[in-house]
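In: Sequence and predicted structure are below.
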Amino acid sequence: MLATNKASDALIELERRVRFELDCLGYPARQWTIPHNHEGEPVHDAVIVGGGQSGTSIAFRLLRERVTTVRVLDRNPAGLEGPWLTFARMHTLRTPKTVTGPDLGLPSLSVRAWWEARYGETSWAELNKIPRELWQAYLSWVRNTIGMEVSNGAEVTDIEPLANSLLAVHARVNGAAERLLARNVVLATGIEGSGRWAVPDVIAKALPRERYAHTAEPIDFTALAGKRVAVIGAGASAFDNAAMALENGAASVHLLARRNKLPTVNPNRWTEFAGFLRHFGDLDDAHKWRFMKIIFDMNQPPPQDTFDRCVRHGNFFVQLGYQLERVGFDAGKISLNNSGRTESFDFLIVGTGFTVDLATRPELARFHDKIARWSDRYQPPAGDEHPQLGAYPYLSPSFQFTEKVAGSAPYLANIFSYTFAAMPSLACSAGISALKFGLDRIAAGVSRNLFVEDADAYLQSLLDYDEQELDPAALLKRETRGNVA
């Protein structure tokens with residue numbers, strides 16, 4: 001699809017409308033945060049790590065609260081923030097086309113308004129789901145329209161707690177070391193933001209690195225033409241990558257999964273209503289745990305269109321109940337052993353998800369052991385145990401990390417995790433569906449910190465306030481004239 005001159009004019013008009021709506025909703029417009037310095041260095045009100053849809057939406061929400069001393073960092077080049085043009089390999093978004101979030105409730109910033117301005121109303125009416133490349137184009141348009149700046153090529157390597165709850169964010173920005181001081185840090189680092197992508201040791205120890213890749217890594221699918229490919233896993237990303245290999249001419253693709261049957265019901269679709277997404281964080285721990293255990297245990301199937309991408313190929317095979325017992329590499333071939341049966345492949349794609357392990361995150365490594373996990377706060381009744389859930393961080397209602405031991409790390413109240421780590425605590429992850437509901441919570445948490453920490457300064461400002469609004473001189477003049485009369 002190409003935007004015509006008419007579409008360009010429509011986009012220009014739409015951008016004008018966005019500015020008008022922002023002006024209409026700009027009250028109160030007063031800049032209110034108090035500038036801070038530390039040893040002569042300026043301090044940001046917030047540093048946001050991650051410039052994808054979550055990070056830029058959070059920054060936009062803070063700007064709407066007139067929290068303006070904000071910097072957004074992203075490790076990827078401009079235009080490649082988030083997964084959509086990197087390791088996301090589905091054709092379209094999983095969510096309905098009516099999803100909202102980055103628009104912050106402004107109709108003119110919605111994906112529908114953008115789409116209709118660019119491609120027309122008929123195109124939107126006929127659209128089933130949004131192609132992922134065009135979702136990225138929409139996100140870039142939103143960012144450019146609202147004037148949001150992102151520092152690209154910025155890899156955060158450490159967060160260092162300083163005195164008075166200040167935080168030093170250490171990063172390499174385009175190869176140069178940089179230290180940013182912040183009162184608050186928001187982590188919007190995606191699905192893997194709570195740990196690392198998982199590759200079983202049995203694979204990592206047996207195979208040359210060039211013979212396997214995780215689904216979240218770059219893969220040259222054209223190089224798989226004519227090759228026998230195995231995919232470990234049965235989630236959506238496993239099927240996406242299997243489809244890519246098939247569509248690029250793989251001789252065969254074998255999808256190997258431990259589960260005995262594929263799930264057919266997606267619990268995430270059930271969660272998509274305002275009551276759950278807005279108020280899950282208000283539940284007690286027992287209810288949160290029960291909900292999440294059911295959702296995690298149910299798992300989710302690959303979308304029908306992704307499944308169909310694979311099964312339309314006669315050289316696609318699925319083996320369920322597959323127990324990978326041994327991995328070997330000999331004479332340039334990968335051997336996988338399942339229940340005594342060995343098969344040979346040329347390349348292995350690992351779709352085994354991620355591991356929740358805060359110690360593996362460089363930005364958290366310094367104090368990961370001070371962060372409370374769910375296992376530190378809640379012990380489920382017999383039969384409801386779930387070690388994976390227990391490893392997730394136990395977050396505040398505003399997405400802040402909490403202390404494992406009270407008083408041991410007060411600076412954690414100034415570090416927010418808008419990643420998949422938030423799922424058990426707030427049912428808001430790094431996805432799109434819950435974005436509009438999570439933004440208010442996290443913005444309120446950041447602005448609350450800024451105001452409460454400076455309460456004495458605001459009190460003094462009130463005591464010093466002497467802007468005169470009433471001039472009683474007219475009454476005095478009238479009384480004076482009356483006395484003269």
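Out: Cool, got the structure.

In: going forward, measure contacts between C-alpha atoms and count neighbours the same way
Out: Fine.

In: which stretches of the stretch 1-150 of the chain aren't confidently modelled?
Out: Along the stretch 1-150 of the chain, the model assigns pLDDT under 70 to residues 1-4.

In: now the helices for it?
Out: 5-24, 53-64, 111-119, 121-126, 132-146 (DSSP state H, counting those that start in this stretch).

In: Summarise which helices and strands the fourth one is packed against.
Out: With contacts defined as 3 or more Cα pairs under 8 Å, 6 or more residues apart in numbering; DSSP states H and E, helix 121-126 has these neighbours: helix 111-119.

In: rewinding a little: looking at the helices of the stretch 1-150 of the chain, which is nearest to residue 186?
Out: Counting by Cα to Cα, residue 186 lies closest to helix 53-64 out of the helices of the stretch 1-150 of the chain; the figure is 8.1 Å.

In: Quickly find the element holding the residue sitting nearest the centre point of the chain.
Out: Residue closest to the mean C-alpha point of the chain, counted by Cα atoms, centre = their mean, is residue 430 at 3.0 Å. For residue 430, there is no host helix or strand (DSSP states H and E).

In: Would you mind putting the helices of the stretch 1-150 of the chain into a markdown table with distance to residue 208 alongside?
Out: Converted to a markdown table, the helices of the stretch 1-150 of the chain look like this (distance: least, Cα to Cα, whole Å):
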| stretch | distance to residue 208 |
| --- | --- |
| helix 5-24 | 50 |
| helix 53-64 | 35 |
| helix 111-119 | 43 |
| helix 121-126 | 47 |
| helix 132-146 | 32 |
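
In: Please look at the residue nearest to the centre of the chain and residue 419 and confirm they touch.
Out: Yes: Residue 430 is in contact with residue 419 according to Cα atoms under 8 Å; the separation is 4.9 Å.

In: which neighbours do those two share?
Out: 188-191 (Cα atoms under 8 Å, 6 or more residues apart in numbering).

In: Of those - the most surrounded one?
Out: When neighbours are counted by other Cα atoms under 10 Å, residue 188 leads the shared contacts of residue 430 and residue 419 with 28 neighbours.

In: show me what contacts that residue?
Out: When contacts are taken as Cα under 8 Å, 6+ apart, residue 188 is in contact with 48-52, 54-55, 417-419, 430.

In: now do 6 Å
Out: Residue 188 is in contact with 49-50, 55, 418-419, counting by Cα atoms under 6 Å, 6 or more residues apart in numbering.

In: Roughly how far does it sit from residue 327?
Out: Separation of residue 188 from residue 327 (Cα to Cα, to the nearest Å) stands at 36 Å.

In: what pLDDT does residue 313 get?
Out: In this prediction, residue 313 carries a pLDDT score of 98.

In: Report the secondary structure state of it.
Out: coil (DSSP: H, G, I helix; E, B strand; the rest coil).

In: Which residue lies nearest to it in three dimensions, sequence-adjacent residues excluded?
Out: residue 246 (7.2 Å; Cα to Cα, 6 or more residues apart in numbering).

In: how close does the one you found get to residue 209?
Out: 22 Å.

In: Looking at those two, which one has more neighbours?
Out: residue 246 (26 against 10).

In: taking the helices of the stretch 1-150 of the chain together, which one is wrapped up most tightly?
Out: For the helices of the stretch 1-150 of the chain, the largest average neighbour count (mean count of other Cα atoms under 10 Å) is found in helix 53-64, namely a mean of 24.

In: Now tell me what touches that one from outside.
Out: So helix 53-64 is in contact with 102, 188, 443, going by Cα under 6 Å, 6+ apart.

In: Ok, stretch 423-437 next?
Out: 101, 190-191, 277-278, 280-281, 395, 419-420, 422.

In: so who does residue 349 touch?
Out: Taking Cα under 6 Å, 6+ apart, one finds 212-214, 231 in contact with residue 349.

In: Go again with 10 Å.
Out: 199, 211-217, 219, 229-233, 238, 241-242, 245, 255 (Cα atoms under 10 Å, 6 or more residues apart in numbering).

In: Could I get the pLDDT score of the nearest residue to it once chain neighbours are set aside?
Out: Distance criterion Cα to Cα, 6+ apart; nearest residue to residue 349, sequence neighbours excluded, is residue 231 at 4.7 Å. Looking at residue 231, its pLDDT stands at 98.

In: looking at this, residue 231 is in a helix?
Out: No: applying three-state DSSP, one finds residue 231 to be strand, outside a helix.

In: now it: how far from residue 212?
Out: 10 Å.

In: tell me the average confidence for stretch 367-377?
Out: 98.

In: got the buried residues for it?
Out: Buried residues in stretch 367-377, defined by neighbour count with 16 or more other Cα atoms under 10 Å: 368, 370-375.

In: And the helices of the stretch 1-150 of the chain: which comes nearest residue 474?
Out: Closest among these, once you apply Cα to Cα, is helix 5-24, at 35.0 Å.

In: quick one: residue 325 and residue 258 touch, right?
Out: No: counting by Cα atoms under 10 Å, residue 325 stays clear of residue 258, with 11.3 Å between them.

In: By neighbour count, which of the contacts of residue 188 wins?
Out: Of these, with other Cα under 10 Å as the count, residue 418 tops at 34 neighbours.

In: What residues does that residue make contact with?
Out: Going by Cα under 10 Å, 6+ apart, the list of residues near residue 418 reads 49-50, 54-55, 58, 186-191, 193-194, 395, 398-400, 426, 428-431, 435, 438-439, 442.

In: One more pass at 6 Å, please.
Out: 187-188.

In: The residue nearest to residue 313 and residue 180: what is the separation?
Out: Separation of residue 246 from residue 180 (Cα to Cα) stands at 46 Å.

In: now do residue 432
Out: 29 Å.

In: Same check on residue 161?
Out: Residue 161 sits 12 Å away from residue 180, going by Cα to Cα.

In: Over to residue 338?
Out: Distance from residue 338 to residue 180, by Cα to Cα: 51 Å.

In: Next: residue 69.
Out: 12 Å.

In: With residue 443 instead?
Out: Counting by Cα to Cα, the gap from residue 443 to residue 180 is 20 Å.

In: Please identify which of those two sits among more neighbours.
Out: residue 443 (22 against 17).

In: which SSE is the more buried one in?
Out: Applying DSSP H and E, one finds residue 443 within helix 435-453.

In: Let me see the mean pLDDT of that helix.
Out: On average, helix 435-453 scores 96.

In: If we go by neighbour counts, what in that helix is buried?
Out: 435-443, 445-447, 449-450.

In: swap in stretch 19-39?
Out: For stretch 19-39, using 16+ other Cα under 10 Å, the buried residues are residue 33.

In: how long is that stretch from one end to the other?
Out: Distance across stretch 19-39, first residue to last, is 38 Å (Cα to Cα).

In: residues making contact with it?
Out: Contacts of stretch 19-39 (Cα under 6 Å, 6+ apart): 43, 66.

In: Return the distance of that stretch from the chain's centre.
Out: 25 Å (Cα atoms, centre = their mean, to the nearest Å).

In: Contact partners for the closest residue to residue 429 other than its chain neighbours?
Out: Nearest residue to residue 429, sequence neighbours excluded (Cα to Cα, 6+ apart): residue 420, at 4.2 Å. Applying Cα under 6 Å, 6+ apart to residue 420 gives the contacts 191, 429-430.
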